[in-house]
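A.B. asks: What follows is a protein structure lacking sequence information:
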């Protein structure tokens, strides 16, 4: 019979220790974690970025990733969007009784692989097991700490009129890849989630220019909601051009079929940047050399008109407002 | 993308729009029947291309929007039933009934599930024999055949716990009702594309014949709509109203006979209540005797309190083409997609939502 998580795995007793030792400490092995103290202790120098996020995605495994990869990328990306170099992560698991250990194993391996790629270390963790029905299979929380190099100030409130708005690649892959797997809605697609750690991409951008005023990863709510957040927080207008926004063929097809607008579909490996227009070209060039920014492009500009609003020039040359996402588009995509 | 980009070609759109404007001898008033048309018009900014010679008014072609509060309240009552799994298209979830919405009922513990087709609802019924699975049958002639076919499938497979709450409505009768009321002077109608794929073009022939109003069946891409507008303008300017098909790749004059037969085998026409318009004879579809054990209304007789209309909401007027969303005092202030008061702000095909989400930037 398949080995499963038992309530006793969360009791704090021997089974708990075995679980931590065999399934977590083993794959995630590093000196700070191995110390097994109540807190990880380390020294950091400079301005610190600190963030946390919880992951409840369903299904747990999807084309292009799984909840483990997502849990590392999500937090790494949130740190990166502050211009920080991600350093340390914590990892908390809330597991439903009966969850197969084999799947847990796969997810932890994926966490380790992604952490390695992102050059972050998991230094603290926690595991809870809840009764069947009290959680949906597995929930993960990660928190992360990063260090912001000197001279960098990136915030959603610092977009300036005249800046260029850049996008790192085609939108909507994650949301549609997830949707294609959902019960009652499954359809065949070759599409994979874009889930990826973006810290090296941000690093490459910052190497060529410090005139990056805003960075944000357009996850839930999609590109449209992110641009609205930037316009709102910076009290500026944003003007974008429809024909400059790349959308992969399967995403366009699925959106047409299901009545979605790709502008509102989630991404997990894309970033939006607001940068000084004079530096836009060299920033784009640096992005294109990174595997996660190979189709980076300027999609619009920050304007003095319509502060707080995003306006798009359509392919037909007309203009329309692009509003925030309202309501739920797809449940539990991250 | 193939068969998509072709219908969004900017150069062709520009040329068509110029041709239309040149042909217009005066300002002409057209109604786009479908919510899907309104969305496409707003999303691609077609109103800007055709302004000011062509006036486009939204029509009643949004199934969610025209559902009367009485019927919404019944659906909500069904969702509250402890033995019922209510399955519905996603659009219905947030629509406010008289006092609450399916979304709120779900949060209170009601089992409400979104499906993308009635076949999925049959599957849920198969997997939950201990529950009664009710599908909320909202839509026009487009969706009704698929729902009819789901009922036949359930019957053939002896799935005894599948029910349909039929709120289906028919398009030609509501067009007649609008024209009879004389409230809005129309020169032409952009007739529904997907509905016509099922019913064909003949059911609209009374419109040019009896009312002298031009008709063109339109698809949902920018060029589909512009082509239909061009046909309408030509009919109007030459004073030869007719029914033309601008959506040839989807619509045949005789429609889809198979779909019509499936529809007729399960449903029969009956009077139906439309929001803002009232009861229209022979404008709805009820379930035939042969399938009555699947009729949720008959089997559960959901009890409701007297329906209440939302104060200040002019959805009814908007659905009749008498007023536009911009005429509503609640629009954009008290009524937004986040806090909708009327259904036209909720549905993805609702005129208010389309205006709000995709409106032209006009400096406001």
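C.D. replies: Received it, and whenever you're ready, just let me know what you need. Owing to the predicted nature of the structure, the values given are computational and were not obtained by experimental measurement. Numbering: from 1, shown residues only, chains lettered A, B, ... in the order given.

A.B. asks: Need the nearest residue in space to the residue in chain A that chain B sits nearest to, chain neighbours excluded.
C.D. replies: With Cβ to the nearest Cβ as the measure, residue A:318 is the residue of chain A nearest to chain B, at 2.4 Å. C-beta coordinates here come from the backbone N, C-alpha and C atoms, glycine included. Beyond its immediate neighbours in the sequence, the residue positioned closest to residue A:318 (Cβ to Cβ, 6 or more residues apart in numbering or on different chains) is residue B:45, lying 2.4 Å away.

A.B. asks: give me every residue that touches residue 292.
C.D. replies: Since you didn't name a chain, this refers to chain A. A:168-169, A:196, A:198, A:200-201, A:269 (Cβ atoms under 8 Å, 6 or more residues apart in numbering or on different chains).

A.B. asks: Actually, chain B is the one I wanted.
C.D. replies: The neighbours of residue B:292, taking Cβ under 8 Å, 6+ apart as the test, are residue B:298.

A.B. asks: Could you measure from it over to residue A:139?
C.D. replies: 46 Å (Cβ to Cβ, to the nearest Å).

A.B. asks: give the contact list for the closest residue to residue A:270 other than its chain neighbours.
C.D. replies: Spatially, and ignoring its direct neighbours in sequence, residue A:270 is nearest to residue A:168 (5.1 Å; Cβ to Cβ, 6+ apart). Shown in contact with residue A:168 (Cβ under 8 Å, 6+ apart): A:198, A:201, A:270-273, A:287, A:292-293, A:295-296.

A.B. asks: how about 10 Å then?
C.D. replies: Applying Cβ atoms under 10 Å, 6 or more residues apart in numbering or on different chains, we find residue A:168 in contact with A:194, A:196, A:198, A:201-202, A:205, A:215, A:217-218, A:246, A:267, A:269-273, A:284, A:287-288, A:290, A:292-297.

A.B. asks: Ok, residue B:259 next?
C.D. replies: Contact partners of residue B:259, counting by Cβ under 10 Å, 6+ apart, are B:141-142, B:144-146, B:148-149, B:197-199.

A.B. asks: of those, closest to residue A:144?
C.D. replies: Minimum separation from residue A:144 among the contacts of residue B:259 (Cβ to Cβ) is found for residue B:146, which lies at 47.4 Å.

A.B. asks: you'd agree that closest one is in a strand?
C.D. replies: No: applying DSSP: H, G, I helix; E, B strand; the rest coil, one finds residue B:146 to be helix, outside a strand.

A.B. asks: okay, it: pLDDT?
C.D. replies: According to the per-residue confidence, residue B:146 scores 95 in pLDDT.

A.B. asks: Could you check how many residues crowd around residue B:260?
C.D. replies: The number of residues packed around residue B:260, counting by other Cβ atoms under 10 Å in any protein chain shown, is 17.

A.B. asks: Now that it has come up, it's in contact with residue B:202, right?
C.D. replies: No: with contacts defined as Cβ atoms under 10 Å, residue B:260 does not count as touching residue B:202, sitting 11.3 Å away.

A.B. asks: any common contacting residues for those two?
C.D. replies: Counting by Cβ under 10 Å, 6+ apart, the common neighbours of residue B:260 and residue B:202 are residue B:254.

A.B. asks: who does the least confident helix or strand in chain B by mean pLDDT touch, helix- and strand-wise?
C.D. replies: Every helix and strand in chain B was compared by mean pLDDT, DSSP states H and E; the lowest is helix B:351-358, with a mean of 90. When contacts are defined as 3 or more Cβ pairs under 10 Å, 6 or more residues apart in numbering or on different chains; DSSP states H and E, helix B:351-358 sits against strand A:319-322, helix B:35-43, strand B:54-61, helix B:63-66, helix B:315-319.

A.B. asks: and stretch A:226-245, how far from the chain's centre?
C.D. replies: Counting by Cα atoms, centre = their mean, to the nearest Å, stretch A:226-245 is centred 19 Å from the centre of its parent chain.

A.B. asks: what is the mean pLDDT for that stretch?
C.D. replies: Confidence over stretch A:226-245 (mean pLDDT, whole number) is 97.

A.B. asks: any idea of the pLDDT on residue A:185?
C.D. replies: At residue A:185, the model reports a pLDDT of 64.

A.B. asks: Around the residue nearest to residue A:137 when sequence neighbours are not counted, count how many other residues there are.
C.D. replies: Counting by Cβ to Cβ, 6+ apart, residue A:96 is the residue found nearest to residue A:137 once chain neighbours are left out, at 5.2 Å. Taking other Cβ under 10 Å as the neighbour definition, residue A:96 ends up with a count of 18.

A.B. asks: Same question for residue A:45.
C.D. replies: Neighbour count of residue A:45, defined by other Cβ under 10 Å: 6.

A.B. asks: With adjacent residues omitted, what lies nearest to it?
C.D. replies: Residue A:45's closest residue in space is residue A:147 (Cβ to Cβ, 6+ apart), at 7.0 Å.

A.B. asks: Repeat that for residue A:82.
C.D. replies: Nearest residue to residue A:82 in three dimensions, chain neighbours excluded: residue A:49, at 4.2 Å (Cβ to Cβ, 6+ apart).

A.B. asks: ok, now which ones touch residue A:4?
C.D. replies: Shown in contact with residue A:4 (Cβ under 10 Å, 6+ apart): A:96-104.

A.B. asks: now it: how far from residue A:102?
C.D. replies: 9 Å.

A.B. asks: do residue B:340 as well
C.D. replies: Residue B:340 sits 46 Å away from residue A:102, taking Cβ to Cβ as the criterion.

A.B. asks: which of these two has more neighbours?
C.D. replies: With neighbours defined as other Cβ under 10 Å, residue B:340 and residue A:102 compare such that residue B:340 has more, 27 against 11.

A.B. asks: What number of residues are in the vicinity of the nearest residue to that one once chain neighbours are set aside?
C.D. replies: On the basis of Cβ to Cβ, 6+ apart, the spatially nearest residue to residue B:340 that is not a chain neighbour turns out to be residue B:346, at 4.5 Å. A total of 28 residues lie near residue B:346 under the criterion other Cβ under 10 Å.

A.B. asks: now the strands for the stretch 1-150 of chain B?
C.D. replies: Taking DSSP state E, counting those that start in this stretch as the test, the strands found in the stretch 1-150 of chain B are B:28-34, B:54-61, B:84-88, B:111-114, B:132-137.

A.B. asks: OK, contacts around residue 190?
C.D. replies: Went with chain A since none was named. Under the contact definition (Cβ under 10 Å, 6+ apart), the residues listed for residue A:190 are A:63, A:177, A:180, A:248-250.

A.B. asks: switch to chain B, that's the one I care about
C.D. replies: Per Cβ under 10 Å, 6+ apart, neighbours of residue B:190: B:30-34, B:37-38, B:41, B:56, B:59, B:61, B:214-219, B:224-225, B:228-229, B:231-232, B:246-247.

A.B. asks: Give me the secondary structure label for it.
C.D. replies: Taken by three-state DSSP, the conformation at residue B:190 corresponds to strand.

A.B. asks: Strands along chain A, start to end?
C.D. replies: Remark: strands assigned in chain A by DSSP state E are A:47-55, A:61-62, A:65-66, A:85-96, A:121-130, A:138-148, A:164-167, A:212-216, A:237-241, A:272-275, A:297-303, A:310-313, A:319-322.

A.B. asks: Give me the angle between the fifth one and strand A:85-96.
C.D. replies: Meaning strand A:121-130. 20 degrees (axes from the mean of the first three to the mean of the last three Cα atoms, to 10 degrees).

A.B. asks: Show me what the helix or strand of chain A with the lowest mean pLDDT is packed up against.
C.D. replies: When the helices and strands of chain A are scored by mean pLDDT, DSSP H and E, helix A:249-258 comes last with a mean of 86. Applying 3+ Cβ pairs under 10 Å, 6+ apart, we find helix A:249-258 packed against helix A:173-179.
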